[in-house]
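1. What shape does this take:
(4 chains)
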2 protein chains.
Amino acid sequence: MLNPVAAHVADSSPGADREAGGVDEHQRFSQRIGETLALLQTLFAPQRRIVHAGDAIYQTGERFVHLYVPNSGLFKLLNLSCDGREQVVALKFRGDWLGFDGIAGGCYGCDAVAMDTGEVWAVRYDELLACCATQPGLLRLVHEAMSREIAHDRDSLMSVCTLPADARVADFLRYWAESLAKRGLRTDQITLRMTRAEIGNYLGMTLETVSRSLSRLARAGLIEFAAKGRREIRIPQQQGLADFVQRSLTPPNLTLQ
Amino acid sequence: MLNPVAAHVADSSPGADREAGGVDEHQRFSQRIGETLALLQTLFAPQRRIVHAGDAIYQTGERFVHLYVPNSGLFKLLNLSCDGREQVVALKFRGDWLGFDGIAGGCYGCDAVAMDTGEVWAVRYDELLACCATQPGLLRLVHEAMSREIAHDRDSLMSVCTLPADARVADFLRYWAESLAKRGLRTDQITLRMTRAEIGNYLGMTLETVSRSLSRLARAGLIEFAAKGRREIRIPQQQGLADFVQRSLTPPNLTLQ
DNA sequence: CGCCACTTTGAATTAGCTCAAATTCCGTGG
DNA sequence: CCACGGAATTTGAGCTAATTCAAAGTGGCG
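-> Modelled structure (predicted):
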């Protein structure tokens, strides 16, 4: 199905156990995603689609028909305002749902774009609803996904509103690593599939600030760049990033050099 | 039921027709809220609760059992991070749903607090689900509410990330007025039920900046303070605020004096 | 009347932005 | 295989929007 990288590999770094959501919780999460996908496959034989970096799964204004669930790959949601502003508002991974925002208005409210090669499964919303009538677990599952999305969007807002730039970047990396860990993917070495400009757009800062923040985090030893290419980042210990976010809050803003 | 202020009063200001979502669309929206509440009443005879400013409808970590729908009043959602940060992440009005964020984890993820006197209806989530099995319209309605919430959260994020402070405040006022208009409430004279500190917290800026922005907007004639008390604000024309947001975006950031 | 919480406004400071230049990376074609 | 060119990144320097700190001013309410 998808590379089932042993979950015990993902969190072998020291300090991983202290984190909220330890190894076993991640394993459970990953397992549930697998079950979800299996269930979808059984019930719908969903249309599978291979996508490549840059491909749009759906676009703003397009008529809402399907919800999409990535089986692999990374995806970004781009919100477009009528006045031309454009912003990355969410990142999506395997097992997440894309397209909920289209239910209310009958049209998708943003663009969903693949950030690398992956596979998405398309499920017709009307079929899904029909099926929910007989499959009680399915509805619960969908509601949980929507609920999680709402909760996460609020956390994003809080992050943007309350954290200084460096902490925002640190939290972004931490969240990315955690998302991978939850899906049983390796987190010791992660590849950012976004340019500095995109990260900055997502976090509400300029590309230069992102670059500087990353440099500072690296200087502080919280991350390491791969020998070649600055898209590859090593995170010695995720807890280090979490701690840094904490520290940047304590009254006398003890930032690093 | 609730003060059904004639909708035609709400939008008597010039320029209202040019706005996205004119008078009739607002009227339709308001009508649907009425129908929703009527439906809930019929199906559940929901527990009604009168609340006063400052009352908590539910609190972070509390066991999730009910969803709540305000019949009247204004409410704020406060997100609390484990590290003590606190942020207003959403405002809720009559007909909105509160508590969706609790579905996924079984506990509410934020505090819901009344901002003035109002009435909320409590609906047990399990009863709601059970009822959805026989009432197809009900499920659609709930999903639309969740979908709208997701879409709006993203708009909030975009606003915080892409707009300068003055525009953010203007957009906030515009949204507030629009929310009232959509519910058939008067918008020519609105009463902010938040302190400058709360508004600032919601918009990701300090109370001083909010105060200064309001003063600038007033100086520019886009809003007017009531003779007494600076919580009362008159909005001569909503379109003026929308235009101001636009203007603050155009390349050479043409802000007001 | 007087307290207290909220608001406004000013002045100084700063985090993050803008502008600019140098560097690195990577794909393409010779 | 290497040279070339464009895109992404880094870093510096100066600037500016917004914050912090401070001091009045205002209104509500016991």
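2. The lengthiest helix in chain A and chain B, are they touching?
-> Assignment by DSSP state H gives helix A:136-162 as the longest helix of chain A. Yes. Judged by C-beta under 8 Å from any C-beta of the partner chain, helix A:136-162 comes into contact with chain B through A:139-140, A:143-151, A:153-158, A:160-162. Where C-beta positions appear, they are placed from N, C-alpha and C, glycine not excepted.
3. For the closest residue to DNA strand C within the stretch 1-150 of chain A, which non-adjacent residue is closest in space?
-> Nearest residue of the stretch 1-150 of chain A to DNA strand C, counting by C-beta to the nearest atom of the strand: A:Ala53, 10.9 Å away. Nearest non-adjacent residue to A:Ala53, counting by C-beta to C-beta, 6 or more residues apart in numbering or on different chains: A:Asp116, 5.0 Å away.
4. same deal with A:Thr206?
-> A:Gly200 (5.3 Å).
5. ditto for A:Leu39
-> A:Leu138 (6.8 Å).
6. So what would you say the end-to-end distance of stretch A:51-69 is?
-> End-to-end distance for stretch A:51-69, by C-alpha to C-alpha, to the nearest Å: 12 Å.
7. For that stretch, list every residue counted as buried.
-> Buried residues in stretch A:51-69, counted by 16 or more other C-beta atoms under 10 Å in any protein chain shown: A:51, A:55, A:57-58, A:60, A:64-69.
8. So which of those belong to strands?
-> Using DSSP state E, the members of the buried residues of stretch A:51-69 that fall within strands are A:51, A:57-58, A:66-69.
9. ok, back up a step: quick one: buried ones out of the residues of helix A:136-162 next to chain B?
-> A:139, A:143-151, A:153-158, A:160-162.
10. what is the rounded mean pLDDT of stretch A:175-185?
-> When pLDDT is averaged over stretch A:175-185, the result is 94.
11. near chain B at all, it?
-> No. Using C-beta under 8 Å from any C-beta, stretch A:175-185 stays clear of chain B, coming no nearer than 13.0 Å.
12. Just the CA coordinates for that stretch, please, in CSV.
-> As requested, the backbone C-alpha atoms of stretch A:175-185 are provided in CSV (Å, rounded to 0.1, in the frame of the first residue of the first chain):
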residue,chain,number,x,y,z
TYR,A,175,4.5,20.1,13.5
TRP,A,176,5.8,18.8,10.2
ALA,A,177,8.0,16.3,11.9
GLU,A,178,5.2,15.2,14.2
SER,A,179,2.8,14.8,11.2
LEU,A,180,5.3,12.5,9.6
ALA,A,181,5.9,10.6,12.8
LYS,A,182,2.2,10.1,13.3
ARG,A,183,2.1,8.4,9.9
GLY,A,184,5.1,6.2,10.6
LEU,A,185,7.4,8.1,8.3
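13. how far does that stretch sit from the chain's center?
-> 8 Å (C-alpha atoms, centre = their mean, to the nearest Å).
14. swap in stretch A:25-37?
-> Distance, centroid of stretch A:25-37 to centroid of chain: 15 Å (C-alpha atoms, centre = their mean).
15. go on, stretch A:113-125?
-> Using C-alpha atoms, centre = their mean, the offset of stretch A:113-125 from its chain centre is 14 Å.
16. again with stretch A:238-248
-> For stretch A:238-248, the distance to the chain centre is 19 Å (C-alpha atoms, centre = their mean).
17. For the residue nearest to A:Gly221 when sequence neighbours are not counted, pull up the helix or strand it's in.
-> Nearest residue to A:Gly221, sequence neighbours excluded (C-beta to C-beta, 6+ apart): A:Pro236, at 7.2 Å. According to DSSP states H and E, A:Pro236 maps onto no helix or strand at all.
18. A:Pro236: how many residues sit nearby?
-> Taking other C-beta atoms under 10 Å in any protein chain shown as the criterion, the count of residues near A:Pro236 is 15.
19. A:Val142 now?
-> Residues near A:Val142, counting by other C-beta under 10 Å: 21.
20. wait, it sits on A:Leu129?
-> No. With contact defined as C-beta atoms under 8 Å, A:Val142 does not count as touching A:Leu129 (9.1 Å).
21. sorry, back to before: look at the residue nearest to A:Thr206 and say how many residues are nearby.
-> 23.
22. send the alpha carbons of the one helix or strand it maps to over as CSV?
-> Assigning secondary structure by DSSP H and E places A:Gly200 in helix A:196-203. The C-alpha trace of helix A:196-203 is given here as CSV (Å, rounded to 0.1, in the frame of the first residue of the first chain):
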residue,chain,number,x,y,z
ARG,A,196,11.3,29.8,1.8
ALA,A,197,8.7,32.1,0.2
GLU,A,198,6.0,29.5,0.6
ILE,A,199,6.9,28.8,4.2
GLY,A,200,6.9,32.5,4.9
ASN,A,201,3.6,32.9,3.2
TYR,A,202,2.2,30.1,5.4
LEU,A,203,3.6,31.5,8.6
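23. Show me the contact partners of that helix.
-> Contacts to helix A:196-203, defined as C-beta atoms under 8 Å, 6 or more residues apart in numbering or on different chains, come from residues A:76, A:86-89, A:91, A:159-160, A:165, A:168-169, A:172, A:192, A:194, A:206-211, A:214, B:161.
24. filter those down to the ones close to DNA strand C.
-> Among those, proximity to DNA strand C is found for A:165, A:206, A:208-209 (C-beta under 7 Å from any atom of the strand).
25. Look up phi and psi at A:Leu227.
-> Check again: residue A:227 is Ala, not Leu. Per-residue torsions, A:Ala227: phi -50, psi -50 (degrees, to the nearest 10).
26. ok so, going back, give me the local confidence score for the residue nearest to A:Gly221.
-> For A:Pro236, pLDDT reads 93.
27. ok now do it, which residues does it touch?
-> When contacts are counted by C-beta under 8 Å, 6+ apart, A:Pro236 touches A:13, A:221-224.
28. Can you tell me how far it is from chain B?
-> 22 Å (C-beta to the nearest C-beta, to the nearest Å).
29. so A:Asp96 touches A:Ser72, yeah?
-> No. With contact defined as C-beta under 8 Å, A:Asp96 and A:Ser72 do not form a contacting pair (11.7 Å).
30. any shared contact partners between these two?
-> With C-beta under 8 Å, 6+ apart, A:Asp96 and A:Ser72 have no common neighbours.
31. Low-confidence ranges, chain A, go.
-> A:1-21, A:251-257 (pLDDT under 70).
32. A:Val113: helix or strand, and which one exactly?
-> Per DSSP H and E: strand A:110-114 holds A:Val113.
33. wait, is A:Glu119 part of a strand?
-> Yes. Checked against DSSP: H, G, I helix; E, B strand; the rest coil, A:Glu119 lies within a strand.
34. Now do the same contact list for it.
-> With C-beta under 8 Å, 6+ apart, A:Glu119 has these contacts: A:48-51, A:70-73.
35. mind running it again at 7 Å?
-> A:48-50, A:71-73 (C-beta atoms under 7 Å, 6 or more residues apart in numbering or on different chains).
36. In PyMOL, how would I select the buried members of the residues you listed?
-> Selecting only the buried entries of the contacts of A:Glu119 in PyMOL, with 16+ other C-beta under 10 Å as the criterion:
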select buried, chain A and resi 71+72+73
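37. Around chain B, pick out the residues from the stretch 1-150 of chain A.
-> Residues of the stretch 1-150 of chain A that fall close to chain B, judged by C-beta under 7 Å from any C-beta of the partner chain: A:79, A:81, A:83, A:85, A:87, A:89, A:100-101, A:103-104, A:109-110, A:129, A:133, A:139, A:143-144, A:146-150.
38. any idea how far A:Gly204 lies from A:Ala165?
-> Separation of A:Gly204 from A:Ala165 (C-beta to C-beta, to the nearest Å) stands at 9 Å.
39. With A:Ile33 instead?
-> For A:Ile33, the distance to A:Ala165 equals 32 Å [C-beta to C-beta].
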